[in-house]
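>>> Below are the sequence and a predicted model for it; my questions follow.
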Amino acid sequence: MPDRGWRIEAAAPQDAGSIARLVRASLPVALRRLTIWSSPRAGRYVHAILCGAFPGERHQFYLLRRGSTRAGLAAFRLFEGAAFLNHLYIAPRYRGSSLGSWLLEAAARCYLARHPAPEIGLDVFARNRSATAWYRRLGFEQRTRLGWWISVRGVR
């Protein structure tokens, strides 16, 4: 679908910092606090993945770009035999323009060409009803439900 200069390409280790910033900017603050993306070292984590730190998982990050603008990210890995969508983010200012659907479809096609799998898996925060509805419109269905455990006392 979208063209207008948009392209999707595999991320490289030098993209790690911009990937971390894109994800951080795309997550609501309440969710960000529950993830690695609130850490100032998130870029190092992405860099390690892009350099092959988890070879058995076959990670691949795809960036949605136009010129020097990085507007979206899709990241896959192999998990329990499925191509698992670890991350899909569109920068807030580009949401609602069908870029997310386009990025997901194109990145999944690229990933599956390199790492064939019978299905694509993903997870969604239960309270994120708009994302749940969006994935359903794209043909995904809920198979299992997992919960998060959060310490109300913090770590000692």
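Noted; the coordinates are in hand.
>>> any low-confidence regions in the protein?
1-3, 148-156 (pLDDT under 70).
>>> show me where this protein has strands.
With DSSP state E as the criterion, the chain has strands at 7-10, 60-66, 69-79, 82-90, 120-122.
>>> To T144, which of these lies closest?
Nearest to T144 among the strands of the chain is strand 120-122; the distance by Cβ to Cβ comes to 9.6 Å. For glycine as for every other residue, the C-beta is placed from the backbone atoms N, C-alpha and C.
>>> Can I get the strands of the chain in JSON lines including distance to T144 and mean neighbour count?
As requested, the strands of the chain are exported to JSON lines (distance: least, Cβ to Cβ, whole Å; neighbours: other Cβ atoms under 10 Å):
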{"stretch": "strand 7-10", "distance to T144": "29", "mean neighbour count": "15"}
{"stretch": "strand 60-66", "distance to T144": "24", "mean neighbour count": "21"}
{"stretch": "strand 69-79", "distance to T144": "13", "mean neighbour count": "21"}
{"stretch": "strand 82-90", "distance to T144": "12", "mean neighbour count": "20"}
{"stretch": "strand 120-122", "distance to T144": "10", "mean neighbour count": "17"}
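>>> Of all those, which one is nearest L31?
Closest among the strands of the chain, once you apply Cβ to Cβ, is strand 82-90, at 11.4 Å.
>>> Direction included, what does that closest one pair against?
strand 69-79 (antiparallel), strand 120-122 (parallel) (DSSP bridges).
>>> so who does L85 touch?
A74, A75, F76, L104, A108, I120, G121, L122 (Cβ atoms under 8 Å, 6 or more residues apart in numbering).
>>> Using a markdown table, please lay out those together with distance to E9.
What follows is the contacts of L85, written out as a markdown table (distance: Cβ to Cβ, whole Å):
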| residue | distance to E9 |
| --- | --- |
| A74 | 11 |
| A75 | 13 |
| F76 | 14 |
| L104 | 15 |
| A108 | 15 |
| I120 | 20 |
| G121 | 24 |
| L122 | 21 |
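>>> Looking at those residues, which is nearest T35?
Compare each of those with T35 using Cβ to Cβ and the shortest gap goes to A75, at 13.1 Å.
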